[in-house]
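Chemist: below are the sequence and a predicted model; questions follow.
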Amino acid sequence: MTGSRTSTALAIALATGLALGTTDARAGGAHEGEQLYPVLTYRTGPYAPSGIPFLGGLHDYIRYVNEVEGGVNGVKIYTPECETAYSIERGIECYERFKHGYEGAPTAIFQPHSSGLDAALLDKARQDHVPVFGPGGGQAQAFDGRVFPYSFPLVFDYWSEASIVVKYIAERAGGYDKLKGVKLATLYHDSGYGRDTIEPLAILSKKYGFEDIQIPVPHPGEQQQTQWQQIKQANADWVFLRGWGVMNPVAIKTAARVGFPVDHIIGDIWSGSEDDTRPAGAAAKGYLAVSAFPPGTNFKVLETLKKDIIDTGKSDLKDTSKFGTVYYNFGVIEGILAVETFRTGQEKFGHRPLNTEEGQWALEHLDLTADRIAAIGATGLVSPIKVTWLDHVGGGSAKIQQWTGDSWKPLTDWLNGDRALFHDVLEEKALSYAKEKNISVRATADAPIN
Amino acid sequence: MSATTLTATERSPRMAIATLRSLVWLLGSIAVLSPVFADEYWLNSILIPTIAMGLAGIGLNLLMGYAGLVSLGSAAFMSIGAFATYNLLLRATWLPLPLTLIAAGTITGVVGVFFGLPSLRIKGFYLAASTLGAQFFFEWLFTSFRWFSNNSLTLTISAPRLELFGLDLRSAPGRYLLVVIVTAILWLLANNIVRSRIGRDWMAIRDMDKAAAVIGIPVAGRQLLAYGISSFYTGIAGALFAFAYLGTADAHSFDLDKSFEVLFIVLIGGSASLAGNFLGAAFIVLTPIVLTRVVEWFDLATVFDNGVLVNVERMLFGVIIIVLLIREPDGLASLVERIVARWRVWPLRA
């Protein structure tokens, strides 16, 4: 008797759940007149430690724009969250939920916040005409707006990074002509992300005559004794560390154990946060890293955020010691890029929420000049970017920074990647992708996209 | 669990079949009508993954529920199906899509037989551990040899073309129909297999392998066949999951978590039940979404911290699974069966 009653209750609960799931929240109008900016989160799962400060920076900046500046030209930004735990499947559900707007607010741009999801959306977003925008970590070939009109690997790609590392080493050696005979070992995370610099480094090595040594580390990289012995035996001068997660501190510690000088290791943009160096302790002092998203709190925009958001208790961060760290600032930079995209679009289409077609136009015409960056108060934090229909990266510069033992110190100003060198190779990749997928290539900036 | 199934069948075989039939009708009509009333969101993010994962559930259920063997490598077999389909579409362009899927399933089946060999010697947890080997081996294989992903920089694969008789299947309804039709055919086939000689042999082996051997069932051959057929199903499910749902995939789309997900689908849906797999898959796909919606409606985000909410959602998901398995050890399929039975004799008590 009781048994059957509980199972009836269970059935009713399940049916209600099903009905709840079915009802459509996308049609409502609670947020009409606002600009939708869906925020995909990874507050749970393996990458939560970097996701939480990153989301803090992003939310804090948008909150500042909404509450202190009154929105973008008066248009409030609506930021519903969608948790993915960094899984592609949950991300696809989030994308489908938000792609055509939510609760009356239209979508203009979509940020996957994951390289895997970015790749998974490449075809879908094109069909749906939703511009996907992933600063840092996008696919290098997607720079070509003729083939990928809806993909924007804004700001930075790993090919530029490879050339920046070589440029810095050349500077230290006293010029590109001194690179002959220099041995650069790349220690990479054995994944799509890690392998992405094999090709550009081969091109660079051919051009400048340095010796290119590639050494993979299987995921997750808790054991690197053999790899570092290999580096020592090869007598490498520099190590380019393209790690991820636990692989980074282990690399730094193992380098110290085999006696490789830490100030000759240059970390990738994802190997250069406080969480990568702190666990390595004293061994990390002097370690270098490429930085497209500089940490620190002495930028004007961060001082404003401290005053208006952190100190007033409105921050999304629970642990405010993360304020000004690499991932927090990455979030702020992403917020700035999104807001400036909305601003660019609003200049053309009027001061109202934008849809995806208008968002695509806005991203393709995003021009962040040094003056504009200064006006935001982000000089030194954001590098100047100019996106065109032929170049969806629009930047490709980074700084080299050094770990002093308790914080990061920039050693250089913005260094530009040698994107001209790779242009032809990447263009060929884009065009062969178009051929494989039978995609028509845009002939002019205003040509209709099929 | 197996004993319950047997008694249930003995008690009222006709009713069980009638229930099954009504369930098939219900799911079938939903499937056919879906593109008419469901929008893209529903097709893309709920129906397609539910059906594809349900098919993977059938694959594992044939092995676990009917043949009484275990596997923790379902995701590996899904990945073989996906990578095989990709390479066949790419390198054997003359092959039409249905044949490609069958070929990919066959390749997976052969690999499955190979990884099923330990079942001839070991049982239970030890066998489960040996199937874990498949899980790790294929994740390693597909990340280490770039040939499998056509030397792609990012090691991801995406379907070069999804077309059938000149019809482009890339749109949401197109992909949906592909998944539904393939699944319907395979479901029918599975239904016949489990009621055929093979299926009966499997169940005999599951209930007592020694007795089965005594009455002349070729135990070893049947067990390997179970691995082969199960992998065939899982492989095709993997291809559908990768190309009709995700769009692109890499080896890490099919990690150990995915294997566990397939296992949960079987346990929640109901062991030794084919329709139950779809209920289980719907549960796995829908519950997290429903929980998010509940949070949204009650506007809990204004009361609680976002970080707390997402963690609580995950805990609730776990609690629901535990409660369900305690209350309904035979899965959602038996729950539905009982409710249907009660409706049949209403207002009397069953």
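Modeler: Noted; the coordinates are in hand.
Chemist: neighbours around residue B:221, how many?
Modeler: For residue B:221, the neighbour count with other C-beta atoms under 10 Å in any protein chain shown is 11. Placement of C-beta: from N, CA and C, glycine included.
Chemist: please, which helix or strand holds it?
Modeler: Using DSSP states H and E, residue B:221 sits within helix B:219-240.
Chemist: hmm, that helix touching chain A?
Modeler: No - for a cut-off given as C-beta under 8 Å from any C-beta of the partner chain, helix B:219-240 has no contacts with chain A; the smallest distance is 13.4 Å.
Chemist: elements contacting that helix?
Modeler: Judged by 3 or more C-beta pairs under 8 Å, 6 or more residues apart in numbering or on different chains; DSSP states H and E, helix B:219-240 is in contact with helix B:48-61, helix B:74-91, helix B:97-116, helix B:172-195, helix B:197-207, helix B:209-214.
Chemist: among those, which comes closest to residue B:249?
Modeler: helix B:74-91 (5.6 Å; C-beta to C-beta).
Chemist: and the helix or strand following the helix holding residue B:221, how far out from the chain middle?
Modeler: Per DSSP H and E, the first helix or strand lying C-terminal to helix B:219-240 is strand B:248-249. Computed by C-alpha atoms, centre = their mean, to the nearest Å, the chain-centroid distance of strand B:248-249 equals 18 Å.
Chemist: again with stretch A:51-60
Modeler: That offset, for stretch A:51-60, works out to 13 Å (C-alpha atoms, centre = their mean).
Chemist: now do stretch A:332-351
Modeler: Relative to its chain's centre, stretch A:332-351 lies at 18 Å (C-alpha atoms, centre = their mean).
Chemist: buried stuff in it?
Modeler: By neighbour count with 16 or more other C-beta atoms under 10 Å in any protein chain shown, stretch A:332-351 contains the buried residues A:332-346, A:349.
Chemist: ok, residue 276 - how many residues close by?
Modeler: Went with chain A since none was named. As a burial measure, residue A:276 scores 28 neighbours (other C-beta under 10 Å).
Chemist: should've been chain B
Modeler: Per other C-beta under 10 Å, the neighbour tally for residue B:276 reads 30.
Chemist: okay, it and chain A: tell me how far apart.
Modeler: Per C-beta to the nearest C-beta, to the nearest Å, residue B:276 is found 13 Å from chain A.
Chemist: re the thing from before, now the helix holding residue B:221 against helix B:74-91, angle please.
Modeler: Between helix B:219-240 and helix B:74-91, the angle comes out at 60 degrees (axes from the mean of the first three to the mean of the last three C-alpha atoms, to 10 degrees).
Chemist: what mean pLDDT does helix B:219-240 have?
Modeler: Helix B:219-240 carries an average pLDDT of 96.
Chemist: kindly format the C-alpha coordinates of that helix as CSV.
Modeler: What follows is helix B:219-240, C-alpha atoms only, in CSV (Å, rounded to 0.1, in the frame of the first residue of the first chain):
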residue,chain,number,x,y,z
VAL,B,219,28.4,-20.5,-23.3
ALA,B,220,31.6,-19.1,-24.6
GLY,B,221,30.3,-18.4,-28.1
ARG,B,222,27.2,-16.8,-26.8
GLN,B,223,29.2,-14.6,-24.4
LEU,B,224,31.4,-13.4,-27.2
LEU,B,225,28.4,-12.8,-29.4
ALA,B,226,26.9,-10.7,-26.6
TYR,B,227,30.0,-8.5,-26.5
GLY,B,228,30.0,-8.2,-30.3
ILE,B,229,26.3,-7.3,-30.6
SER,B,230,26.5,-5.0,-27.6
SER,B,231,29.5,-3.2,-29.1
PHE,B,232,27.8,-2.9,-32.5
TYR,B,233,24.9,-1.0,-30.9
THR,B,234,27.2,1.1,-28.7
GLY,B,235,29.4,2.0,-31.7
ILE,B,236,26.4,3.2,-33.8
ALA,B,237,25.1,5.1,-30.8
GLY,B,238,28.6,6.8,-30.5
ALA,B,239,28.5,7.8,-34.1
LEU,B,240,25.1,9.3,-33.7
